Structures are given as C-alpha cells and as structure tokens.
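S.K.: Just need the structure, nothing else, for what follows:
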Amino acid sequence: MTILVTGATGNVGRHIVNQLLEAGQHVRALTRNPSSAKLPEGVEVVYGDLTEPKTLAPALNGVTGIHLITFNSDGYTPLQTGPEIVELARKAGVRRVSVLWNGENGPVERAVEASSLEWTLLQPVEFMSNALGWAESIRMEGIVREPYGNSPSAMIHVADIADVAVAALIGEGHAGKTYTLTGPEVLTVFDKVRIIGAMIGRDIQFIELSEDQARERMREQGAPEDAIDFVLGWYANPPKSAYTVAPTVEQVTGRPARTFAQWVSEHVHYYK
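M.R.: Sure thing, here's the model as predicted:
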C-alpha cells in the first residue's frame with residue numbers, strides 16, 4: 001500500500017507519517033515545500049497544492065489511501081476544491097480516505113461523503129498543542145492572556161488523532177464512520193494554566209481578556225473576521241461535544257486517550 005498524507009508537515013500530519021512508517025507502510029507526503037519538509041528517512045516527499053488540484057495527479061499515482069486535511073494553509077478557511085480532489089482520487093484508484101475536519105462540514109467533507117470511497121471523518125475538539133501559543137508569554141512574563149477562562153474543553157493530544165487516522169487507513173471496520181475525538185478529561189483554561197505551572201514549578205498569572213481585546217489580538221495575527229467570529233463564539237458558548245468526553249480513542253486504538261498533563265510533560269521545555 002502507498003498512503004498519501006496531506007498536511008504532512010503539520011502537527012497531526014507528522015504524527016500520522018511517523019505512525020504509518022512504524023506500521024510498515026509506504027508513505028508519500030504531500031507538501032508545497034518539499035525541500036524544507038524535514039520528514040523522516042523513508043518518506044517519499046512530493047510536491048502538491050490542494051488549492052490547485054491539477055498539481056495532485058503525480059502524487060496520487062499508485063496511492064490506495066489518503067489522509068486529507070480540509071483547510072487552506074492559513075489554518076482558517078476551508079478548502080473549496082473538495083470535489084476536484086475526490087474525483088482525482090477516485091480516478092487514481094484510491095480506496096480509503098481519512099478526513100480531518102476544521103470545525104465545520106465543508107466542501108471536502110461533503111465531497112468525500114458523496115463519493116464511493118471508504119471514508120472516515122475525524123472530528124477532534126480543541127488540540128492540546130494550542131497551548132504552545134502561551135509558551136513565550138509564560139517564559140518571558142509568567143503570564144497567560146486569554147478570554148473565557150472558564151470555557152470547558154475535552155482537548156485532545158494530536159498523537160491520538162493520528163492513531164485513529166492510521167487505524168482508519170490501514171485497519172478494517174471504519175468505513176462510513178464519523179469519529180468525535182476528545183481527550184480523557186474536561187479542563188477549563190484556568191485548569192490548563194494550573195497544570196502547566198505545576199509541571200514547570202512556577203506560578204503562572206492568568207489575565208482574562210475581554211472579547212474585544214481577544215478580537216483585536218486575532219486581527220493583528222491576520223485572522224479573517226468570519227474566523228474570529230467562529231473561534232470566539234466557540235469559546236464563549238462551546239457546543240456540548242466540545243466538553244463531553246468521548247470514548248472513541250480507546251475504542252478504536254485499544255488504549256486510553258493521552259492526558260493534558262502527559263502532553264505538557266512532552267513539551268515542558270517550551271515553557272522554561
């Protein structure tokens with residue numbers, strides 16, 4: 001089998017690449033910048049741009065499974081080329097696809113669901129790796145600034161997302177399934193800050209931003225207004241699925257989902 005991983009240089013994609021290699025699969029990694037991909041030896045790194053489907057034909061040659069991302073490289077806007085990508089995959093003989101959503105059912109998801117492919121939709125809640133956004137302010141000031149300190153989240157380790165994606169791509173019984181993916185516990189922003197502080201042995205001050213302050217910060221970071229509305233609306237009034245622990249990771253992989261404390265222990269050097 002040759003499995004094509006899109007978003008291969010991203011947080012989830014790198015884990016998927018590594019786990020497929022460990023499982024003995026031939027991995028082809030799609031990136032717009034092959035020379036800077038820095039992927040493990042044994043990975044076939046190829047050029048391709050999901051926003052320009054005509055660039056994907058060579059990458060799809062001989063591929064039997066795909067891991068698909070559904071968003072542009074800016075991380076905010078959904079890809080509009082889903083139908084073209086899915087049709088190219090079908091013509092190339094692809095059988096299976098795992099799809100990592102971006103918080104909404106967009107063009108890629110709809111095209112995959114309407115296709116003859118053996119699809120599995122992965123719907124994770126908040127990524128634990130989002131907490132890396134606090135690393136600099138914790139190191140430099142011992143401060144975290146965020147809105148909605150009491151907003152609850154059953155956040156997930158990206159390696160758990162990758163575990164489920166790999167199971168769907170090389171295992172049986174996952175076709176036509178939509179998997180809600182969470183961690184094993186519900187934590188507020190206050191809880192996460194407390195856990196990081198305990199792990200690094202330092203008191204961290206939490207400063208709660210107003211919605212206007214949070215909105216202005218996101219604008220300065222280049223986020224479009226519709227994405228800002230979506231993100232702040234999510235944290236202000238999260239859907240029940242965002243703070244309800246789902247057993248999916250353990251059901252699919254046979255082991256419990258990783259905790260936030262475990263994630264912090266793996267990334268503690270970023271905060272010191």
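S.K.: who's in contact with L20?
M.R.: By Cβ atoms under 8 Å, 6 or more residues apart in numbering, the contact list for L20 reads 3, 5, 27, 166, 169-170. All C-beta atoms are positioned from the backbone trio N, CA, C, and that covers glycine.
S.K.: Among those residues, which one has the most neighbours?
M.R.: V5 (32 neighbours; other Cβ atoms under 10 Å).
S.K.: That residue reaches H26, doesn't it?
M.R.: No: the pair V5 / H26 is not scored as a contact, 11.2 Å apart, by Cβ atoms under 8 Å.
S.K.: tell me the SS of the residue nearest to M128 when sequence neighbours are not counted?
M.R.: Excluding the flanking residues, the one nearest M128 by Cβ to Cβ, 6 or more residues apart in numbering is W263, at 4.3 Å. Look at W263: counting by DSSP: H, G, I helix; E, B strand; the rest coil, its state is helix.
S.K.: among the helices and strands of the chain, which has the poorest mean pLDDT?
M.R.: When the helices and strands of the chain are scored by mean pLDDT, DSSP states H and E, helix 225-236 comes last with a mean of 90.
S.K.: re earlier: farthest pair in the contacts of L20?
M.R.: V5 and I170 (12.4 Å; Cβ to Cβ).
S.K.: count of neighbours near S210?
M.R.: Using other Cβ under 10 Å, the number of residues around S210 comes to 9.
S.K.: Give the residue spans of the protein that score low on pLDDT.
M.R.: In the predicted model, the chain carries pLDDT under 70 at residues 74-76.
S.K.: in it, which spans are helices?
M.R.: Assigned by DSSP state H, the helices in the chain fall at 11-22, 57-60, 82-92, 107-113, 135-141, 158-170, 189-200, 211-220, 225-236, 248-253, 260-267.
S.K.: So which of those is nearest T180?
M.R.: helix 248-253 (6.0 Å).
S.K.: In that closest one, which residues are buried?
M.R.: 248-249, 252 (16 or more other Cβ atoms under 10 Å).
S.K.: what's it packed up against?
M.R.: Helices and strands touching helix 248-253, by 3 or more Cβ pairs under 8 Å, 6 or more residues apart in numbering; DSSP states H and E, are helix 158-170, strand 177-181.
S.K.: Just say which of those is most tucked in.
M.R.: Using mean count of other Cβ atoms under 10 Å, the stretch among the helices and strands packed on helix 248-253 with the largest mean neighbour count is helix 158-170, at a mean of 24.
S.K.: thinking in terms of the whole chain, how far from its middle is that one?
M.R.: 11 Å (Cα atoms, centre = their mean, to the nearest Å).
S.K.: Now L39. Its backbone dihedrals?
M.R.: With angles defined as degrees, to the nearest 10, L39 sits at phi -100, psi 160.
S.K.: list the contacts for it?
M.R.: By Cβ under 8 Å, 6+ apart, the neighbours of L39 are 8-9, 14, 17, 29, 45.
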